[in-house]
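Student: Below are the sequence and a predicted model for it; my questions follow.
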Amino acid sequence: MNAIPKDSRLRYHCQLRQSAAERRADTHPLTWRLREDGARVGLEEYRDKEGYRAAAHALEHCSSADVIDTMKKANVRGRGGGGFSAGVKWGLTQVGDHLPRGYLVCNADEMEPGTFKDRLLLEQLPHLLIEGMIIAGYANRSRFGYIFLRGEYVEAAHSLAVAIEEAREAGWLGSNVAGSGYDFDIALHTGAGRYICGEETALISSLEGKRANPRAKPPFPGQSGAWGKPTVVNNVETLCNAPAVMRHGADWYQGLSGGLSDDGGTKLYGVSGLVERPGLWELPIGTSGREILERAGGMREGHTLKAWLPGGGSTGFLLPEHLDLALDFDTIGQHGSRLGTGLLTVVSERQSIVSLLRNLEQFFARESCGWCTPCRDGLPWTVKLLQALERGEGEQGDIEILEQHTTDLGPGLTFCAHAPGAAMPLESALKYFRDEFERGVTHPPRTAHADPIPVGEV
Ligand SMILES: Cc1cc2nc3c(=O)[nH]c(=O)nc-3n(C[C@H](O)[C@H](O)[C@H](O)COP(=O)(O)O)c2cc1C
Ligand code: SF4
């Protein structure tokens, strides 16, 4: 495959900003094999760079339980946003030998606003993902693996299709993988471009050919997922950690964070917004927002930082005073937000929080699957109120209604985490920037007979 045209990579900021000299096998397990020219790493080159040795070791020398145990000890936490331990998740499908073998699904939907990390791995290092899937599939006894890929990721689709074929021809996929007696193959499934398909149970519905509605849990996918079989859903970056863990061990992985965090490993961090050099970096997990911002060259000339989202549109705003926090799951959770995907979106003092939020909530309203009332009706209502405030035509009481929505859209009141995710930036914006909302209130309160329920298109 040819090198990805430079312009297209810059357009999406999907560029690793670390040179090959900076990326070493013992410190950068996710990216050390990447080429400087951004082209896909083919099978031969991947093998020359220690590729498939971890899978060979796992298949030859470890039982499924050994692999799960190592992943648990390493405490690889899910990089799709939730931070759930991959080893624990893999173990959930192990309850009883009588269970039918199920499926492993790689979540490559990546539609979180401001997130572009999986794309790098999918386009340029597809064999690392395949190797991670072989290890995960072996550990949780999957009969088959699927990669559920965001439809717009056309270059990634091509790259994965070529790599799957290469791996199959080399005996790494199919019957009797590498002579181990384990049968495992992978199919690439491209989605049609809906954010809700990234939610693991909606993804499973879509994979089965149904409308992408989330499913009530329990049962969890590990008990009953795709076609009723035990199913493990993991993010691309999570799975790409497995080969290094199996090759170098749990202690080595834990040590990668260098004391910056109780979590182990590295993280693909990134920045977008009005910074000098948006992009991606593989850094020890627990690196601070300040260091990442500095690596991005700081704010663009003429701009100062007002706020930042730590990990995508569905995380809560943080302030400049939070820049020294360790960017890990627990620390950011303790400060009212979420690590999410770990890709920062910065907001300049010259940008309106109300407008930015209106734009985000418009996205969330459009992407609601419509299954539950607070999300289906509450999000468009939120957008209407924000639009009015943005125009300076808000009415007294609008801010209080928005506050009520942060409760109504909160955890436990909807089928899936889409609505609580949409409520996070709203709640934090009201907490930190209430004056900006108040400036949009210019009208008296609504009259009793006015219909508060929004109608029409958002
Ligand atoms: C609305 C919504 C969208 C999501 N989109 C993604 C996504 O694009 N990629 C992803 O890996 N996880 C996404 N998730 C999280 C998944 O439901 C799931 O937790 C994750 O794939 C599990 O993988 P992990 O344990 O490796 O993080 C989304 C969740 C929600 C609620
Ligand atoms: S919260 Fe929203 S996206 Fe999730 S199931 Fe309910 S309506 Fe659908």
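Tutor: Yes, it's here. Numbering: from 1, shown residues only. Ligands and ions are numbered 1, 2, ... in the order given.

Student: Tally up the residues packed near Lys89, please.
Tutor: 24 (other Cβ atoms under 10 Å). Every residue, glycine included, has its C-beta placed from N, CA and C.

Student: Apart from its neighbours in sequence, what residue is nearest it?
Tutor: Val232 (6.0 Å; Cβ to Cβ, 6 or more residues apart in numbering).

Student: And Trp371, which helix or strand is it part of?
Tutor: Counting by DSSP states H and E, no helix or strand carries Trp371.

Student: Assess the claim that it and Asn213 are in contact.
Tutor: Yes - the criterion here is Cβ atoms under 8 Å, and Trp371 meets it with Asn213 at 5.2 Å.

Student: Isn't Leu122 up against His158?
Tutor: No - at 10.3 Å, Leu122 does not count as touching His158 under the criterion of Cβ under 8 Å.

Student: which of the two has more neighbours?
Tutor: The neighbour comparison of Leu122 against His158 (other Cβ under 10 Å) goes to Leu122, with 27 against 14.

Student: Report the contact partners of that one.
Tutor: Residues counted as contacts of Leu122 (Cβ atoms under 8 Å, 6 or more residues apart in numbering) are 108, 129, 149, 153, 156, 159-160, 236.

Student: And it, how close does it get to Ala226?
Tutor: Using Cβ to Cβ, to the nearest Å, Leu122 is found at 21 Å from Ala226.

Student: With Cys106 instead?
Tutor: 12 Å.

Student: Identify the contacts common to the two.
Tutor: Common neighbours of Cys106 and Ala226, using Cβ under 8 Å, 6+ apart, are Tyr146.

Student: Look at those two and report which has more neighbours.
Tutor: Counted by other Cβ under 10 Å, Cys106 and Ala226 do not tie: Cys106 has more neighbours, with 29 against 21.

Student: Burial check on Leu385, number of neighbours?
Tutor: Using other Cβ under 10 Å, Leu385 has 24 other residues around it.

Student: what secondary structure does it sit in?
Tutor: helix (DSSP: H, G, I helix; E, B strand; the rest coil).

Student: Give the residues shared as contacts by Trp371 and Asn213.
Tutor: By Cβ under 8 Å, 6+ apart, the residues touching both Trp371 and Asn213 are Phe415.

Student: Which positions in the helix or strand hosting Ala58 come out as buried?
Tutor: Assigned by DSSP H and E, Ala58 belongs to helix 53-61. Under the neighbour-count criterion of 16 or more other Cβ atoms under 10 Å, helix 53-61 has 54-56, 58-59 buried.

Student: now swap in stretch 160-179 and tell me
Tutor: Applying 16+ other Cβ under 10 Å to stretch 160-179 flags 160, 163-164, 166-167, 172-173, 177-178 as buried.

Student: Output the contacting helices and strands for the helix holding Ala58.
Tutor: Using 3 or more Cβ pairs under 8 Å, 6 or more residues apart in numbering; DSSP states H and E, the elements in contact with helix 53-61 are helix 126-139, helix 236-248.

Student: Can you tell me which helices and strands the last one packs against?
Tutor: Just to be clear, that refers to helix 236-248. Packing partners of helix 236-248 (3+ Cβ pairs under 8 Å, 6+ apart): helix 53-61, helix 64-74, helix 86-91, strand 103-108, helix 117-124, helix 126-139, helix 250-255.

Student: Would you mind saying which of these lies nearest ligand 2?
Tutor: Among these, strand 103-108 comes nearest to ligand 2, with 15.9 Å by Cβ to the nearest ligand atom.

Student: Just the CA trace of the closest one, in PDB.
Tutor: Taking C-alpha atoms only, strand 103-108 is exported to PDB below (Å, rounded to 0.1, in the frame of the first residue of the first chain):
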ATOM      1  CA  TYR A 103     -17.100 -14.300  19.600                       C
ATOM      2  CA  LEU A 104     -14.400 -11.600  20.000                       C
ATOM      3  CA  VAL A 105     -15.400  -8.200  18.600                       C
ATOM      4  CA  CYS A 106     -12.900  -5.400  18.100                       C
ATOM      5  CA  ASN A 107     -14.600  -2.100  18.500                       C
ATOM      6  CA  ALA A 108     -13.200   0.100  15.800                       C
END
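
Student: can you give me the angle it makes with helix 126-139?
Tutor: Between strand 103-108 and helix 126-139, the angle comes out at 150 degrees (axes from the mean of the first three to the mean of the last three Cα atoms, to 10 degrees).

Student: Would you give the sheet partners of strand 103-108, along with the direction of each?
Tutor: Using DSSP bridges, strand 103-108 pairs in its sheet with strand 144-149 (parallel), strand 231-235 (parallel).

Student: What residues does the stretch 101-250 of the chain have near ligand 1?
Tutor: Contact residues (Cβ under 6 Å from any ligand atom) of the stretch 101-250 of the chain with ligand 1: 107, 109-112, 195-196, 198-200, 233-235, 238.

Student: If we use 8 Å, what do you get?
Tutor: Within the stretch 101-250 of the chain, the residues that sit near ligand 1 (Cβ under 8 Å from any ligand atom) are 107-112, 115, 118, 150, 195-203, 214, 233-239.

Student: mind listing what the closest residue in space to Thr231 that isn't next to it in sequence touches?
Tutor: Once flanking residues are discounted, Thr231 sits nearest to Gly225: 2.5 Å by Cβ to Cβ, 6+ apart. Going by Cβ under 8 Å, 6+ apart, Gly225 touches 102-103, 105, 201, 204, 231-233.

Student: now do Cys375
Tutor: 368-369, 409, 414, 418-419, 422.

Student: So which of those residues is the closest to Leu360?
Tutor: In terms of Cβ to Cβ, no member of the contacts of Cys375 lies closer to Leu360 than Ala422, at 7.8 Å.

Student: Could you name the specific helix or strand carrying the closest one?
Tutor: helix 418-432.
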